[in-house]
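**Q** Give me a 3D structure for the following:
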Amino acid sequence: MDSTSFAGLMIVVLIVMIAAGIHINVALATASVLGVGILAGKTSVALSILSTTAFEVLRDYIFAVIPMFILMGELIARSGAAKDLFQVVNRVLFFLPGRLAVATVIGNAVFAAVVGVSIASAATFSRIAYPQMRALNYDKTVSLGCIAGSSSLGMLIPPSVLMIVWGVLTELSIGKLFLAGFLPGFLLAGFYALYCVVLALLKPELFGAGKAAIAAAMHSRGKPVEPAIDLQTVLGTVGTLLLVVIVLGGIWTGYFTPTEASGIGALLALSLALLKGLKWDDIVDAISETGRTSAPLLFLLICAQMYSRLLAMGGVVNSMQEFILGLGLGVLAIIAFMVLVWFILGMFIDSVSIILLTVPIFAPLAIKLGLDPIAFAIIGILAIEAGILTPPFGLAVYTVKACVPDKDVTLGQIFIGSMPYWVFLVGLAFLVYFFPIIATYLPQNF
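**A** Here you go, the predicted model:
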């Protein structure tokens, strides 16, 4: 068996292990180290490469962005600032039809600019927004779909964990990826909000049964559903918005590197959490959760470097390029094929794992086809994010199901409600393909 066939066989083994339920970390490490060892002729060579790779990953300055941005999101979520933001946006948008749904979209967009993880957004707003939507007689499917669908903004609006991993694998500037995701991310949030308003105008019964019923629901049992806006709520809202402006503005202007911005963001988030009265035990829990989330990601990056070496040693990338280009398909057809692969994988595994498995193969091919690497990264992230809403195993859908307090909610309701948001994700991916300036608009001096 030649090296290319063997490397391809190891990729098949990797996919089988993942499908069998073996954790992605274990599967990726086992297949990559074993494959490199056999191709090199010595197991010691593979172990030496693994140790060198681990040292390089853990000492690299840029990798500090992962735990720092995760810590920033943990502190904001635990301090209650995300709930404050939702309440204030909801009150400000009193004149809009479907305002709770729009507030959920806007809240997710701002929260995405802090936490960078879609699943965290889905869990947070399932607990914050859903009870208020149901109290105002919002349709279950509409409410659940809005929460799950808008949570997808978490991986597109910077700072995004997916962008960090993509940048590491492809050696693209993480700062440029962050900037490239800004316009498409908030454009997508605008589409989501507009959809909610239009749907509320066309089918108001899905957003409550009229003013009398809404008023009755708001004052059921003599207690208003919407809490009053106090000084702490304003503090949480303004603090979160300032945090987003400082972190993203610093990166945009070039005043901070992404790593510096992550450290400053974590410090400001800690200050806000203390002002909000977050207790020491909660701060310790936030730090511990950051470690539990960051460690597997860093281990995945180590294994991903080994996986990339397996592909390089086996010549898989070149063989894949020759095979696909030999089919005589157009560029759009090839991109459509990649998007389809991302959809299918999104049904079964998480977004970071999808990037680790596919980007080392797809990214070089896209460059060879003449696509801008930054625009292709945004296309890929949009398509992969669509996967978390795709049946039968969309991870965002399952997260919402697990977190909403209403136990009568079904997975079918969430999948159906989130499909319009899925369509917007896919549509924006192809819009970026035809108009890459959407994702490559960067400051002149960056």
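**Q** Quick check: residue 364 vs residue 111, distance?
**A** 34 Å (CB to CB, to the nearest Å). Every C-beta, even on glycine, is put in place using the N, C-alpha and C of the backbone.
**Q** Tell me who's in contact with the nearest residue in space to residue 68 that is not next to it in sequence.
**A** Using CB to CB, 6 or more residues apart in numbering and skipping residues adjacent in sequence, the residue nearest residue 68 is residue 262, 3.4 Å away. With contact set as CB atoms under 8 Å, 6 or more residues apart in numbering, residue 262 has these partners: 64, 65, 68, 69, 72, 159, 247.
**Q** about what we covered before: would you mind telling me which of residue 364 and residue 111 has more residues around it?
**A** With neighbours defined as other CB atoms under 10 Å, residue 364 and residue 111 compare such that residue 111 has more, 30 against 17.
**Q** surely residue 79 meets residue 272?
**A** Yes. Residue 79 lies in contact with residue 272 (CB atoms under 8 Å); the separation is 6.3 Å.
**Q** Next one: residue 390 from residue 353, what distance?
**A** Going from residue 390 to residue 353 by CB to CB gives 15 Å.
**Q** right, I mislabeled it, should have said residue 144
**A** Distance from residue 144 to residue 353, by CB to CB: 25 Å.
**Q** okay, the two: which has more neighbours?
**A** residue 144 (29 against 21).
**Q** Check what pLDDT the residue nearest to residue 68 gets.
**A** We have a pLDDT of 85 for residue 262.
**Q** which SSE is it in?
**A** If you go by DSSP states H and E, residue 262 is part of helix 258-275.
**Q** Report the spatially nearest residue to residue 240, omitting neighbours in sequence.
**A** Leaving aside its chain neighbours, residue 240 sits nearest to residue 81 (4.7 Å; criterion: CB to CB, 6+ apart).
**Q** Give me the common contacts of residue 79 and residue 272.
**A** Joint contacts of residue 79 and residue 272 (CB under 8 Å, 6+ apart) are residue 236.
**Q** and the two? which has more neighbours close in?
**A** Set side by side, residue 79 and residue 272 show more neighbours around residue 79, with 27 against 22, by other CB under 10 Å.
**Q** ok, now which ones touch the more buried one?
**A** Residue 79 is in contact with 236, 269, 272, 273, 276, 277, 278, counting by CB under 8 Å, 6+ apart.
**Q** For residue 261, see how far away the fifth one is.
**A** So the one you mean is residue 276. 22 Å.
**Q** Same question for residue 428.
**A** 25 Å.
**Q** And the buried ones among the contacts of residue 262, selectable in PyMOL?
**A** The PyMOL selection below is limited to those of the contacts of residue 262 classed as buried (16 or more other CB atoms under 10 Å):
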select buried, resi 64+65+68+69+72+159+247
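**Q** where in the chain is pLDDT low?
**A** Within the chain, the segments meeting pLDDT under 70 span 1-4, 7, 57-63, 209-229, 441-446.
**Q** and the angle from the longest helix belonging to it to helix 258-275?
**A** Secondary structure of the chain per DSSP state H: the longest helix is helix 280-314. Calculated by axes from the mean of the first three to the mean of the last three CA atoms, to 10 degrees, helix 280-314 forms an angle of 160 degrees with helix 258-275.
**Q** Show me what helix 280-314 packs onto, helices and strands only.
**A** Packing contacts for helix 280-314, counted by 3 or more CB pairs under 8 Å, 6 or more residues apart in numbering; DSSP states H and E, involve helix 3-19, helix 24-40, helix 43-59, helix 65-79, helix 161-170, helix 258-275, helix 351-368.
**Q** Can you give me the buried ones in the very next helix or strand once past it?
**A** The first helix or strand that comes after helix 280-314 along the chain, using DSSP H and E, is helix 316-326. For helix 316-326, burial by neighbour count (16+ other CB under 10 Å) applies to 316, 317, 319, 320, 324.
**Q** so helix 316-326 versus helix 280-314, what angle?
**A** Using the same axes, to 10 degrees: helix 316-326 against helix 280-314 is 70 degrees.
**Q** what sits up against helix 316-326?
**A** 4, 7-8, 11, 310-311, 334, 337, 360-361, 364-365, 368.
**Q** Repeat that for stretch 280-289.
**A** With contact meaning CB under 8 Å, 6+ apart, stretch 280-289 is reached by 71, 74, 75, 78, 270, 273.
**Q** and the last one, what does it touch?
**A** Residue 273 is in contact with 75, 76, 78, 79, 81, 282, 283, 286, counting by CB under 8 Å, 6+ apart.
**Q** Likewise for residue 258?
**A** 62, 65, 159, 164, 174, 175, 178, 251.
**Q** same deal with residue 371?
**A** 331, 335, 433, 436.
**Q** So what's the gap between stretch 26-33 and the chain middle?
**A** Distance of stretch 26-33 from its chain centroid, counting by CA atoms, centre = their mean, to the nearest Å, is 24 Å.
**Q** so who does residue 349 touch?
**A** 18, 24, 357 are the contacts of residue 349 under CB under 8 Å, 6+ apart.
**Q** In this structure the last one contacts residue 342, no?
**A** Spelled out, that is residue 357. No. Counting by CB under 8 Å, residue 357 sits too far from residue 342 to count as a contact (10.0 Å).
**Q** Among these two, which residue is more densely surrounded?
**A** Between residue 357 and residue 342, residue 342 has the larger neighbour count (other CB under 10 Å), namely 27 against 23.
**Q** Could you check how far the more buried one is from residue 335?
**A** 11 Å.
**Q** Just give the nearest non-adjacent residue to the residue nearest the centre of the chain, would you?
**A** Nearest to the geometric centre of the chain sits residue 155, at 2.2 Å (CA atoms, centre = their mean). Using CB to CB, 6+ apart and skipping the chain neighbours, the partner closest in space to residue 155 is residue 162 (4.5 Å).
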